[in-house]
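# Sequence and predicted structure below; questions after.
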Amino acid sequence: MLKKSIAAVLSICLAVSSAAIHTDNKAAALASTSSSGISMDWNALEIGGGGFVSGIVTGKNVMYARTDVGGAYKYNFESGRWEQIMSFITEQDKGYLSVDAICIDPTDDDTVYMLCGCAYFSDARTAVFKTTDGGKSAIAQIDKNTYRIFKTTDSSSVSYSDDFGKTWTSSQGISGTKTTYLLVEPEDPDIFYGYTVQYNEYWYNDKTKTEPTFDDAHYIFYVSTDGGKTFTGTDLFKYDMCDPSGRIACLGKDNIIVGAGWNGMYHITDCGRTIDKTDVYYCKTVGYGAPEHEGDCNTLYMWGMPKEGNAEGIWRSQDGGKTWVDLNTTMHFGGTGNGNFVVGDMNEFGTVYMSTVGMGIICGRLSSGNPAEETADYGDVNCDGKVDVFDVIAARRYLLNPEEHSLSEKALKNADVHSKGNGIDVNDISKLKDFIIRVIKKF
């Protein structure tokens, strides 16, 4: 068991090729999209400083961003601007403006930890900093034994510190050649998940090979049950040599989603013992955000293509990856770049952030208010204002061929009349029929 009830995870080398740009996010949107009945405005988040934007994290009511050489920022929701929280750094300590990782105390938005330092300034010194007031006052190097901190490298190794960076211990059991991404089980800080890639870049030296074998290139999923000290790995599927889809999405307790590039997407439960392939065609990266309704699973956001023939871009799922709606497949902003992340806001349903190639972090927000306030018109599958046999036909066609007879997100909600929240199946059609012939009077 961990000595403390909360584990803090800091992950190094989440490098993002996203130069900061200066666009007022309260001004007119850079672009607007309308797909699947969802209208969204897309804009760049203003970072008023230098360096590459290398990560963004959200707490309950706050956002922080880190840069490679420009310090860290906190978003001011009242002014709509990002404010530097590391202005206290001296010339001698300028290497600390390279913020390798940042995390928020799950119990307090104003308590933030940052792992700082780089190889080419300030004698390559590394330090962990802490603020308890959201960066209002000077941030001090921490020296109290409170949390376990983790760091990863671009060669897959993982280490942890119980004394805030004074000493580090290597986690055991992890092997690979690319960065290991970590996720703490939200309900149990003793359980950690890890995801990385094994890739032998010299496979072509073997003249008998025309392509890498599974042993040369594959994804590995890890689980730790002792707070990240030791990990047990499972080889999942072949690595297709596109950008590693290393990020882990959490749907809820013991409910994990990982992307696999052209191998699609996988659903992992039972502490890593049950691994099922979904029907997603291509997933470059996957992230998660707040659900629309309390009690629902977290919302998934994916850069990819749910089905072969779909347009590539940002897609959203509210049922754990069973069905997807198109958020943005027309305005790509250069794609997700080296950062390769699409992350939902954990406080506001429908808001999503993506890394880009040279355009900073792009934020997408719903154009017309919070859809959580919209109620479903149950039974009205074709959205014509009434419930009749044509709604049964529309639902049947969707079940038989969802690609050819697709439904809008509103229509999908309206059709979900049986065990609301689990998607459409034959039980919904049966209940629709019962309503039409007056066996039941309401859904």
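Received it, and whenever you're ready, just let me know what you need.

# how is this structure carved up into domains?
Here the domain parsing of the chain from automatic domain parsing is 31-367, 374-443.

# Report the distance from the shortest one to the chain centre.
Shown here is domain 374-443, whose average C-alpha point lies 31 Å from the average C-alpha point of the whole chain (Cα atoms, centre = their mean, to the nearest Å).

# do the same with stretch 215-229
Offset of stretch 215-229 from its chain centre (Cα atoms, centre = their mean): 19 Å.

# Same question for stretch 208-219.
Relative to its chain's centre, stretch 208-219 lies at 28 Å (Cα atoms, centre = their mean).

# Stretch 217-231 too?
Taking Cα atoms, centre = their mean, the mean C-alpha location of stretch 217-231 is offset from the chain mean by 19 Å.

# that older thread, adding mean pLDDT as columns, could you present the domains of the chain in CSV?
Below are the domains of the chain laid out as CSV (pLDDT from 0 to 100):
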stretch, mean pLDDT
domain 31-367, 85
domain 374-443, 84
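
# For residue 326, see how far away residue 386 is.
Shown here: residue 386 relative to residue 326, a distance of 27 Å by Cβ to Cβ, to the nearest Å. (Glycine included, C-beta is placed from N, CA and C.)

# neighbour count winner among the two?
residue 326 (21 against 10; other Cβ atoms under 10 Å).

# Need the winner for burial among the domains of the chain.
When the domains of the chain are scored by mean count of other Cβ atoms under 10 Å, the highest mean neighbour count falls to domain 31-367 (a mean of 19).

# for the helix or strand where residue 397 lies, packing partners?
Element membership of residue 397, judged by DSSP states H and E, is helix 389-400. Applying 3 or more Cβ pairs under 8 Å, 6 or more residues apart in numbering; DSSP states H and E, we find helix 389-400 packed against helix 409-415, helix 426-436.

# now the strands for the stretch 151-300 of the chain?
Remark: strands assigned in the stretch 151-300 of the chain by DSSP state E, counting those that start in this stretch are 158-161, 169-170, 181-184, 192-199, 217-224, 232-238, 248-252, 255-259, 265-269, 274-277, 282-289, 299-305.

# Quick one: list the elements packing against the shortest one.
Just to be clear, that refers to strand 169-170. Judged by 3+ Cβ pairs under 8 Å, 6+ apart, strand 169-170 is in contact with strand 158-161.

# Extract the C-alpha set from the strand it packs on and format it as CSV.
Taking C-alpha atoms only, strand 158-161 is exported to CSV below (Å, rounded to 0.1, in the frame of the first residue of the first chain):
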residue,chain,number,x,y,z
VAL,A,158,10.1,4.6,-15.2
SER,A,159,11.3,5.8,-11.8
TYR,A,160,9.7,7.2,-8.6
SER,A,161,10.6,9.4,-5.7
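
# Paired strands for it, with orientation please.
Partners of strand 158-161 in the sheet, by DSSP bridges, are strand 149-152 (antiparallel), strand 169-170 (antiparallel).

# Tell me how far it lies from the chain's centre.
For strand 158-161, the distance to the chain centre is 22 Å (Cα atoms, centre = their mean).
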